[in-house]
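Chemist: build me a model from this:
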Amino acid sequence: ESSSSLRGVLKTSTSGDNLFIFLNGFPDIPQEFAPIISHLQKNKGVGSADFWMVPLWGFNNNGQLLSCKISEVADRIAHFISSVAGNYKNVYLVGHDVGGMVGWYVASILGKEV
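Modeler: Next comes the predicted model:
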């Protein structure tokens, strides 16, 4: 699996200028962000935006857990974001619970990219 892809990313796409990436907590599931995304889609203040829900605890093609180490999960997400960030004016990270901690780690890796 390449560093520019993550398995299981759920996307709503409007070919927007902005990208919101949601990082779930543990043991939560990414779909729990659906009501927030629905609200943001109705909010004209965010402009045109794509909303992606990224499952934190990635699995390989054999269904084996790749890692529970926050640094490794954050590195994978940072590489993924770097591969798509050029397509957007702004990239926003939204995290809950452990997803918030991973989001801070990713932000420290990427700096002004997010």
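Chemist: can we go C-alpha only for contacts and neighbour counts from here?
Modeler: Fine.
Chemist: for the protein, what are the low-confidence residue spans?
Modeler: 1-8, 10, 13-14, 27-28, 30, 44, 56-67 (pLDDT under 70).
Chemist: CA-only coordinates of the helix or strand harbouring I109 in PDB, if you can.
Modeler: Element membership for I109, per DSSP states H and E: helix 98-110. Taking C-alpha atoms only, helix 98-110 is exported to PDB below (Å, rounded to 0.1, in the frame of the first residue of the first chain):
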ATOM      1  CA  VAL A  98      -7.500   9.900  20.300                       C
ATOM      2  CA  GLY A  99      -8.200  11.400  16.800                       C
ATOM      3  CA  GLY A 100      -7.500  14.800  18.400                       C
ATOM      4  CA  MET A 101      -4.200  13.600  19.700                       C
ATOM      5  CA  VAL A 102      -3.300  12.200  16.300                       C
ATOM      6  CA  GLY A 103      -4.400  15.400  14.600                       C
ATOM      7  CA  TRP A 104      -2.100  17.500  16.800                       C
ATOM      8  CA  TYR A 105       0.800  15.100  15.900                       C
ATOM      9  CA  VAL A 106      -0.100  15.400  12.200                       C
ATOM     10  CA  ALA A 107      -0.200  19.200  12.400                       C
ATOM     11  CA  SER A 108       3.200  19.200  14.100                       C
ATOM     12  CA  ILE A 109       4.600  17.200  11.200                       C
ATOM     13  CA  LEU A 110       3.000  19.200   8.400                       C
END
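Chemist: and that helix, what's buried?
Modeler: Across helix 98-110, burial judged by 16 or more other CA atoms under 10 Å covers 98-107.
Chemist: would you mind measuring from the spatially most central residue of the chain to I77?
Modeler: Central residue of the chain (CA atoms, centre = their mean): I21, 3.4 Å from the mean position. As defined by CA to CA, to the nearest Å, I21 lies at a distance of 10 Å from I77.
Chemist: likewise for P35?
Modeler: Applying CA to CA to P35 and I77 gives a distance of 23 Å.
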